[in-house]
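> here is the input, now give the coordinates:
(2 chains)
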Amino acid sequence: DTGVSQNPRHKITKRGQNVTFRCDPISEHNRLYWYRQTLGQGPEFLTYFQNEAQLEKSRLLSDRFSAERPKGSFSTLEIQRTEQGDSAMYLCASTLWRGDGTEAFFGQGTRLTVV
Amino acid sequence: SQKIEQNSEALNIQEGKTATLTCNYTNYSPAYLQWYRQDPGRGPVFLLLIRENEKEKRKERLKVTFDTTLKQSLFHITASQPADSATYLCALAPYNKLIFGAGTRLAVHP
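Reported below is the predicted structural model:
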């Protein structure tokens, strides 16, 4: 296993277009997180899954954002009608959650630029 | 809501000195706290986890302390090297979701 994989690494899109990102977690990991990060800030929590169930979605997250994790394996994050403010690095992380603290493994991120 | 605060200003130190970074939190009593390193353009990488019943934890040149009374964790890098230059993030898991502070950028000068 080579770790958490995110695709694409970079995405440039025009305002108003829809984009979809993919995250492939470490295979035995049951929990998957999505974060957004802008310059000079820490990763901002967006949503997370336990297996295929989406357990929480940030209240700051617009209805234009949706995430799925079918069959509890890979996950997709879709942004509809993109806006310039959506430009950021989108990070995915996975962990083997056993009810206490375990380290999260991050992918390299997808950098989105909305023009 | 839970809040995590880290020094927003960059920390500049001389090679060989000890770097000390601070993480303060409010409105929460975590069972554990994590520290991550992030290099530009890359995802964070896990460094250390410390639990509430542990006062101190060490890993090679890294040392973390956890004071649940002060609601503070200190992260130390001893004998710092230019390769230690990066952003260091503090993370907590209130209600089982992992949230991060803004991070502190460390620059170690030769």
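
> and stretch B:53-63, what's buried?
Buried residues in stretch B:53-63, counted by 16 or more other C-beta atoms under 10 Å in any protein chain shown: B:62-63. For glycine as for every other residue, the C-beta is placed from the backbone atoms N, C-alpha and C.

> what sits against the one residue in chain A that gets nearest to chain B?
Nearest to chain B in chain A, going by C-beta to the nearest C-beta, is residue A:106, at a distance of 3.1 Å. The contact partners of residue A:106, by C-beta atoms under 8 Å, 6 or more residues apart in numbering or on different chains, come to A:4, A:91-93, B:43-45.

> and residue B:39, by the same measure?
Neighbours of residue B:39 in contact, by C-beta under 8 Å, 6+ apart: B:86-87.

> any idea how far it lies from residue A:15?
Separation of residue B:39 from residue A:15 (C-beta to C-beta, to the nearest Å): 30 Å.

> just residue A:80 next, same as before
Where residue A:15 is concerned, residue A:80 sits at a distance of 12 Å (C-beta to C-beta).

> what do you get for residue A:106?
From residue A:106 to residue A:15 the distance is 28 Å (C-beta to C-beta).

> just the pLDDT for residue A:100.
If you check residue A:100, the pLDDT there is 73.

> neighbours around it, how many?
11 (other C-beta atoms under 10 Å in any protein chain shown).

> dump the residue contacts of it.
Per C-beta under 8 Å, 6+ apart, neighbours of residue A:100: B:31-32.

> just checking: what are the partner strands of whichever strand or helix holds residue A:35?
Under the criterion of DSSP states H and E, residue A:35 resides in strand A:31-37. Strand pairing for strand A:31-37, determined by DSSP bridges: strand A:44-50 (antiparallel), strand A:88-95 (antiparallel).

> most tightly packed of these?
Across the strands paired with strand A:31-37, averaging neighbours per residue (mean count of other C-beta atoms under 10 Å in any protein chain shown) puts strand A:88-95 on top, at a mean of 24.

> got the CA positions of that one in PDB?
Extracted as PDB, the C-alpha positions of strand A:88-95 are listed here (Å, rounded to 0.1, in the frame of the first residue of the first chain):
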ATOM      1  CA  ALA A  88      -7.800  26.200  -2.000                       C
ATOM      2  CA  MET A  89      -6.000  22.900  -1.300                       C
ATOM      3  CA  TYR A  90      -8.400  20.100  -0.700                       C
ATOM      4  CA  LEU A  91      -6.900  17.400   1.600                       C
ATOM      5  CA  CYS A  92      -8.000  13.900   2.300                       C
ATOM      6  CA  ALA A  93      -6.900  11.900   5.300                       C
ATOM      7  CA  SER A  94      -7.700   8.300   6.500                       C
ATOM      8  CA  THR A  95      -7.300   6.600   9.800                       C
END
